[in-house]
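Enquirer: show me how the following folds:
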Amino acid sequence: MSKGEGRSKTKCLAYIAAFIVFQTAIILVFALTVMKIKSPKVRFNAMAVESFNSNNANSTSIDMQLLTQISVKNTNFGHFKYDNSTLTILYNGMPVGEAVIPRGRAKARKTQKFNISVGVSSDRLSGNTNLGNDMNSGIIRLSSHAKLSGKVHLMKVIKKKKSGEMNCDWTINLATRQVQDLKCK
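Expert: Below is the predicted model:
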């Protein structure tokens, strides 16, 4: 074995080692960025009062229809498929309206928006005297809750269960029939 052959073998081994280190770094960066699966964000974009009726002469009963735009923001590198879910509207922690959020799919790194109409009625409330006081003040405070459960699909191979949850608070100005102070967590 000559002196030149030993050097070429050493150079070849050095190149192979450098290639392995480079590939390991690429795989590590890929695993830490692309493969990190996050929960999608679910939020109200907009909300409007379509119709509002006060059924009672004492103004202690309400019946209204809300039109909401919900967005599902998927920050993952794979699409998010979610199942049917329920959007619940609450007054002082008690449900006054529900709507079904149909199953769907948010594409990778995109935001899906859709509209849902929700009926809100105080008929479910039993003996709640705060509603009459709130209606006399001209402002009704409501909140909502929804949870979208599904799976994030990466490269049609990796599937991981994730869920996006929405909790929002807002007020309705009875004089203008407008939604105000919409804040989602």
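Enquirer: where does residue 9 fall, secondary structure wise?
Expert: Residue 9 is part of helix 3-33, with elements assigned from DSSP states H and E.
Enquirer: how far is that helix from where the chain is centred?
Expert: Distance of helix 3-33 from the chain centroid (Cα atoms, centre = their mean, to the nearest Å) equals 44 Å.
Enquirer: following element in sequence after that helix, please.
Expert: Downstream of helix 3-33 (by DSSP H and E), the next one is strand 41-54.
Enquirer: who are the packing partners of that following strand?
Expert: On a contact count with 3 or more Cβ pairs under 8 Å, 6 or more residues apart in numbering; DSSP states H and E, strand 41-54 meets strand 62-73, strand 139-154, strand 158-173, strand 178-184. To be clear about C-beta, it is placed using only N, CA and C from the backbone, and glycine gets the same treatment.
Enquirer: what residue spans form the domains of this structure?
Expert: With domains defined by automatic domain parsing, the chain comprises 1-33, 41-184.
Enquirer: per-residue confidence averaged over the shortest one?
Expert: Averaging the model's pLDDT scores along domain 1-33 yields 85.
Enquirer: what's the answer for the last one, then?
Expert: Rounded to a whole number, the mean pLDDT of domain 41-184 is 90.
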